[in-house]
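Visitor: this is a predicted model, with the sequence first.
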Amino acid sequence: ALGVQRGVVLAIATSIVMAILLWPAPQVLTLLGQPADVAPDAGAFVRWSIPGVFPFFLFALSRQALQAHGSVAPVLWAAVVGNVVNVLANLVLVFGMFGVPALGVVGSAISTTIARWVMFGAILLFARQRLRRLVRPWFPEALAAVTGIELGSVEELAPERVVRGFGWLVLGASVLGTLV
């Protein structure tokens, strides 16, 4: 259970970092010499895909945890539901149907993001009992996966421990700030 909980903490932290790194995609693609007619669409696709990063990581974590416990049926059904939603959403959002305007590349990114959230929701629904055992009760040690802080009680959340634990994050943010 502690491993899955640490995975949740890492999924949250990694999603935040990925969102920050993916946001400047249009400018980065232009700087890398991508054609002027391609870079804006590709950048828009990446930006509209950012909200799907978090559920993608959580689905992958849930999938691996369930497979490690010998439970593959919920994973299969969640993937089937997600793919059906993705196909239908692509038809509506990419090509425009039912009064929805055709959004093209952006519509594809939105439908993929929706499908990722649906897949994560489906795996939670189909495997709720199995997954509940892996995240309840919540262990404070799960935070150590990202922060390096082992908490046994709230009193241990002293400011100097938090600063030391999040030092890598502050360093990364400052380096990223100088690059942007």
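Guide: Structure's in. What do you need? Numbers count the residues shown, from 1 in each chain.

Visitor: going forward, measure contacts and count neighbours with C-alpha atoms only.
Guide: Fine.

Visitor: pLDDT weak spots in the protein?
Guide: 138-139, 142, 144-180 (pLDDT under 70).

Visitor: so where does the residue nearest to the spatial centre of the chain fall, helix or strand?
Guide: Compute the mean C-alpha point of the chain, and by CA atoms, centre = their mean the closest residue is residue 54, 1.6 Å away. Secondary structure from DSSP states H and E places residue 54 in helix 53-68.

Visitor: give the contact list for the residue nearest to residue 19 when sequence neighbours are not counted.
Guide: Distances taken as CA to CA, 6 or more residues apart in numbering put residue 50 closest to residue 19, at 5.8 Å, once the chain neighbours are dropped. The neighbours of residue 50, taking CA atoms under 8 Å, 6 or more residues apart in numbering as the test, are 18, 19, 22, 23, 113.

Visitor: which of those residues has the most neighbours?
Guide: For these, the largest number of neighbours (other CA atoms under 10 Å) sits with residue 113, at 22 neighbours.

Visitor: that one is in contact with residue 47, isn't it?
Guide: No: counting by CA atoms under 8 Å, residue 113 stays clear of residue 47, with 10.7 Å between them.

Visitor: returning to what we had before: just the contacts of residue 50 now: which is nearest residue 58?
Guide: Set against residue 58, the nearest of the contacts of residue 50 by CA to CA is residue 113 (13.1 Å).

Visitor: where does the closest one fall, phi/psi-wise?
Guide: Dihedral pair for residue 113: phi -60, psi -50, per degrees, to the nearest 10.

Visitor: name the nearest residue to it, sequence neighbours excluded.
Guide: Of all residues not flanking residue 113 in the chain, residue 52 sits nearest, at 4.3 Å (CA to CA, 6+ apart).

Visitor: surely that neighbour meets residue 114?
Guide: Yes: here residue 52 reaches residue 114: they are 7.2 Å apart, a contact under CA under 8 Å.

Visitor: tell me which helix or strand the nearest residue to residue 25 once chain neighbours are set aside sits in.
Guide: Once flanking residues are discounted, residue 25 sits nearest to residue 43: 5.0 Å by CA to CA, 6+ apart. Taking DSSP H and E as the definition, one finds residue 43 inside helix 39-49.

Visitor: please apply the same query to residue 130.
Guide: Going by DSSP H and E, residue 130 is in helix 128-135.

Visitor: ok so, going back, I'd like to know which elements the next helix or strand after the helix holding residue 54 is packed against.
Guide: Per DSSP H and E, the first helix or strand lying C-terminal to helix 53-68 is helix 73-95. Under the contact definition 3 or more CA pairs under 8 Å, 6 or more residues apart in numbering; DSSP states H and E, helix 73-95 sits against helix 105-126.
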